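K.L.:
Test case, fold it:
(4 chains)
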Number of protein chains: 2
Amino acid sequence: MAARKPQGDETGYSNLVGGSTAGSRAAETVQTLAETVAGRIREKVISGTLTPGSHLSEMALCEELQVSRNTLREVFRILTQEGLLRYEANRGVFVATPSMSTIIDIYRVRRFIECPALAQAHPRHPGTQNMRAAVDDARRCREVKDWLGVGSADIAFHSAIVELADSPRLSSFYAHISLELRLVFGLLQDPEFLHGPFIDQNVDILLELEAGRATAAAEKLEAYLLRAERFILGAYARVAPSA
Amino acid sequence: MAARKPQGDETGYSNLVGGSTAGSRAAETVQTLAETVAGRIREKVISGTLTPGSHLSEMALCEELQVSRNTLREVFRILTQEGLLRYEANRGVFVATPSMSTIIDIYRVRRFIECPALAQAHPRHPGTQNMRAAVDDARRCREVKDWLGVGSADIAFHSAIVELADSPRLSSFYAHISLELRLVFGLLQDPEFLHGPFIDQNVDILLELEAGRATAAAEKLEAYLLRAERFILGAYARVAPSA
DNA sequence: CTGTCTATAGTGTTGAACAATTTTTACATA
DNA sequence: TATGTAAAAATTGTTCAACACTATAGACAG
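P.N.:
Residues are numbered from 1 along each chain as shown, chains lettered A, B, ... in the order given. Down below sits the predicted model:
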């Protein structure tokens, strides 16, 4: 019952996805083994090695990752909380399978969060630099045809928009949403077709903001999100008919 | 690697806090022991039996709750992910201690989420029934001087507002925020003084919405949240000077 | 072909064990 | 007395082996 006063980071939900445009990361808390392994699995899911719906056997993964069952179960807890995996009692964990309603909800949340965040933003907010870095990164990746990288940069761009709201909790929530979105991306093939058209629209939005027209930027963003949603839903329907 | 198709609930973050106004809960997933014990500890934190900053000894809790150490650690993982507990390497888990910046961020998020959700709401959305039930519940609890219940009802009311946005992900995010808010409430004494003045304001907001004036309701809500934030910050400063 | 039953595999939970780290205690020194 | 250091104790981090319980798969009778 001793009442000590520990100090830690703010939200508790730390180190999620971080693209090549990842920001600074204070090493205040030591990476525990479970977190490290969680990162490994996260990458497997994002890169498509682990496909949605597939079953993750405890014993098999213990063997492969060289960790004990208890530690692995901790990893599962982390990733389940993030929305990447799904528990079923006495059946184990599965890679989450985004459904049509998942996509719809993700984009509903995105419009709900991103647009106001952008509309109320100050043009010289530090977050704009991250936006700028993300679009540069996206174009660089496009030249090398690194479409996974383009996807990461796109997500980094929109994460930067959320940062404009200056709320750690909102940002960490958005990181979760982003992860689920990557799951969706992984489900769809033809990533060039998927990301290509949207890079320039991001640039457009950034230019509006840098010019001080936050409201106009927000309107363009909303149009962008509505288009993207239809686009993704269409691609999804082509891949997974009647799901 | 077998690719089965499981069906579960949508967001993965299920059964968090549920006040006396708790809605229906389909028993689709069997409560596992760890989850049950997590619920017990959650209530201890909410009710103030476990005060923020206090250390949770593994052995002591194993004894008290009659579970093994491994299971208890699984419980800790659940609650840590929820933001209720905080890990420190080789020192154990502590009840999270909300700071001033925590409170500020919580209320920033609340204004950011609740107000638009209310503004865009349809007066006859099912969520309004939950709002109505919550205010009734709050008044009932006030009569019996059950201030903990009043707090629960208040949180249920505002959760219902978020439900108006029809987004499972937004609602589950708000459930997390609510949990943190309860931690703050537990930190402050004199719950009558804390909750009393706000019940009637909730009623006021509901009446505006039911009358079809969503925009007016949203404005009142924003004023409410700004007042509440100042109120809570003041009480906090009195309890924990210079934290 | 269908439904029931048993066998098998996998998860849920426990207890014990040992390594690594922190906290406490004891002791020697200034 | 105060203080710094080292050993001892307590606590956490991690693993392993075992058993109970649940669900899936396969065998078998109708």
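
K.L.:
If you drop the residues flanking it in sequence, what lies closest to the residue nearest to the spatial centre of chain A?
P.N.:
Nearest to the geometric centre of chain A sits A:Ser178, at 2.2 Å (C-alpha atoms, centre = their mean). Spatial nearest neighbour of A:Ser178, chain neighbours left out: A:Ile155 (4.8 Å); criterion: C-beta to C-beta, 6 or more residues apart in numbering or on different chains. All C-beta spots, glycine's among them, are computed from the backbone N, C-alpha and C.

K.L.:
Then A:Phe173?
P.N.:
Nearest residue to A:Phe173, sequence neighbours excluded (C-beta to C-beta, 6+ apart): B:Phe173, at 4.9 Å.

K.L.:
what number of residues lie near that neighbour?
P.N.:
B:Phe173 has 25 neighbours, counted by other C-beta atoms under 10 Å in any protein chain shown.

K.L.:
gap between it and DNA strand D?
P.N.:
27 Å (C-beta to the nearest atom of the strand, to the nearest Å).

K.L.:
Does the residue nearest to the centre of chain A touch A:Ala160 like I think?
P.N.:
No: contact criterion C-beta atoms under 8 Å: A:Ser178 and A:Ala160 do not qualify, at 11.4 Å.

K.L.:
which helices and strands does the longest helix seen in chain A pack with?
P.N.:
When chain A is parsed with DSSP state H, its longest helix is helix A:214-239. For helix A:214-239, the elements it packs on are helix A:100-119, helix A:168-187, helix A:191-210, judged by 3 or more C-beta pairs under 8 Å, 6 or more residues apart in numbering or on different chains; DSSP states H and E.

K.L.:
any chance of those helices in a markdown table, with distance to B:Val239 too?
P.N.:
Compiled in a markdown table, these are given as follows (distance: least, C-beta to C-beta, whole Å):
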| stretch | distance to B:Val239 |
| --- | --- |
| helix A:100-119 | 32 |
| helix A:168-187 | 22 |
| helix A:191-210 | 41 |
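
K.L.:
Which one, of the ones you listed, ends up nearest to DNA strand C?
P.N.:
Nearest to DNA strand C among the helices and strands packed on helix A:214-239 is helix A:168-187 (20.2 Å), distances taken as C-beta to the nearest atom of the strand.

K.L.:
average pLDDT across the closest one?
P.N.:
The average pLDDT for helix A:168-187 rounds to 93.

K.L.:
Output the set of residues of chain A in proximity to DNA strand C.
P.N.:
Chain A comes close to DNA strand C at residues A:55-59, A:69-70, A:73, A:87, A:89-93, as judged by C-beta under 7 Å from any atom of the strand.

K.L.:
and chain A, what are its domains?
P.N.:
A:33-95, A:100-239 (automatic domain parsing).

K.L.:
what about A:Tyr87, which SS state?
P.N.:
What DSSP: H, G, I helix; E, B strand; the rest coil gives for A:Tyr87 is strand.

K.L.:
any idea how far it lies from B:Val37?
P.N.:
The spacing between A:Tyr87 and B:Val37, counted by C-beta to C-beta, to the nearest Å, is 16 Å.

K.L.:
cool, A:Leu188 as well?
P.N.:
Relative to B:Val37, and taking C-beta to C-beta, A:Leu188 is found at 40 Å.

K.L.:
Which of these two has more residues huddled nearby?
P.N.:
Shown here are A:Leu188 and B:Val37; by other C-beta under 10 Å, B:Val37 has more neighbours (21 against 17).

K.L.:
List the contacts of the more buried one.
P.N.:
The contact partners of B:Val37, taken as C-beta atoms under 8 Å, 6 or more residues apart in numbering or on different chains, are B:Leu65, B:Val67, B:Thr71, B:Leu72, B:Val75.

K.L.:
and what of A:Leu118?
P.N.:
A:Leu118 makes contacts with A:Ile161, A:Leu164, A:Ile205, A:Leu209, A:Ala214, A:Ala217, A:Ala218, A:Leu221, as judged by C-beta under 8 Å, 6+ apart.
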